[in-house]
Structure formats: structure tokens, C-alpha cells
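Q: Take a look and give me a structure for this.
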Amino acid sequence: MNETPREAEGAETTDLLYKEYVRLSESCNAYIRGALSDIKLLGAVGAVLAWDPMARMLDLNVRLDEPVTPVGFTTLLLVIMFVLFYNLLKQSIFFFHQARMRRFETRLNALYPGPEPVFALALAWPDWQRRVHDRVAFPTFGIFYLILIGFPTTLMLLQGFVPWAVFYAVLAVLLALGHMLTVLFLIRCLERDAQDTPSAC
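A: Here you go, the predicted model:
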């Protein structure tokens, strides 16, 4: 049976919607892989910059008269926080792609009605993030901040670099607060967009 022009147009529209949905999904997957690569980068940078201070601490015959350890830890802090904030830029773009995916999912699900939505990867994410992901992420951030702030500060205090320790601790706390506030802002934007999605489609 030959398709009517209306049916052909509808099939073409559905095909375009699905292709764009697949493209957005691939973009989101690329951002996720990039975020995981950033975690590897943080570990590599930390190992390189912390090696010299730790090696000096283990050598009891070496007197640490030069502030190699404070400079090394401060540099490590700045590099780590730069990577974290850069990762938030990518997270913002990732959320934007998710927002577009939710709109495509809503339109695609309207074509395939049923008890459960066929396309729900982006639609289900805000609820999953609130119920599961955030409960894992926030304690992880807390432990990470504790190590990032507490370990270098304690090490510098033990070595007698009190001014450096105070400077490092204050700088680290300010950067960590700025990072966490930005994370919370992005989460609020995600939740607001998820609430507005049905009316936007």
C-alpha cells in the first residue's frame, strides 16, 4: 500500500527527531567520557606534584628550609580547582544537551504511547540524580575537600610553615565553597528545566 503524503511527512519528521535524539545522546556520552578523563588527570597531577614533598618528609636527614612543599601543594590546589571548574563548564553544556534530549523524548514518546515511556534517559535523570546520584556525590565531594584541605594544611603545620598553612587553608576553603555553590546552581537549573519540560513541548 502506498503512503499518503501526510504519512510520508510524518515518517520523515519522526526519522529526523530520532536522528537528532541519537546525535544528542552521543554528545552526552562524549561529555561523560571527558569528565572521567578529568578524574584521571587529577590523579596524575596529584601524584606528580605531591611526590617531592612526600619524599622529603620521609627523608629524616633532610631539613626542609625551602618552601617546596607549600608551593607544591598550592600549585596542586590551583591546578585541581581549575580542572574542577573547567569540568563544571562541561557539565553545564551536558545539562543543556540533556534539556534538549528531554524535549525530543517527550515528542518521541507521544508517537509511541504506552504504560511506560520508550525514551526516558534524559527524562528520568533529574529524579535519579535527586534520589541516588546526589546522595553519593555530596559525601564524595566532602571526603575530597577534606583530603584536599586537611592533608596539605596538616603537613605544612608539622613542617613549621604556619603562614603558608593558613594561606593554603583559607584559599582552599574559598575555592571549595565557590565550587560547591556552582554545583548547587547547576543542579537547581537542571531541576527547574525538568519541571518546565512538559509545558515547553
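Q: what about Leu16, helix or strand, and which?
A: In the assignment (DSSP states H and E), Leu16 maps to helix 5-58.
Q: helix or strand right after that helix?
A: In N-to-C order, the element after helix 5-58 by DSSP H and E is helix 68-111.
Q: tell me the average confidence for that following helix?
A: The pLDDT scores in helix 68-111 average 84.
Q: Could I get the CA-only coordinates of stretch 95-103 as PDB?
A: Extracted C-alpha coordinates of stretch 95-103, given in PDB (Å, rounded to 0.1, in the frame of the first residue of the first chain):
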ATOM      1  CA  PHE A  95      22.800  19.600  31.100                       C
ATOM      2  CA  PHE A  96      21.900  21.800  28.100                       C
ATOM      3  CA  HIS A  97      22.100  18.700  25.900                       C
ATOM      4  CA  GLN A  98      20.000  16.800  28.400                       C
ATOM      5  CA  ALA A  99      17.400  19.600  28.300                       C
ATOM      6  CA  ARG A 100      17.200  19.200  24.500                       C
ATOM      7  CA  MET A 101      17.000  15.400  24.800                       C
ATOM      8  CA  ARG A 102      14.100  15.700  27.200                       C
ATOM      9  CA  ARG A 103      12.100  17.700  24.700                       C
END
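Q: can you list contacts of that stretch?
A: Residues outside stretch 95-103 that contact it (C-beta atoms under 8 Å, 6 or more residues apart in numbering) are 21, 24-25, 27-28, 31, 121-123, 125, 186, 189-190, 193-194, 197, 200-201. (Glycine included, C-beta is placed from N, CA and C.)
Q: Just the buried subset of those residues, written out for PyMOL, thanks.
A: To isolate the buried ones among the contacts of stretch 95-103 in PyMOL, judged by 16 or more other C-beta atoms under 10 Å, type:
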select buried, resi 21+24+25+27+28+31+122+123+125+190+193+194+197
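Q: Under the pLDDT cut-off, which ranges of the chain? List them.
A: For the chain, the stretches with pLDDT under 70 are 1-13, 35-68, 197-201.
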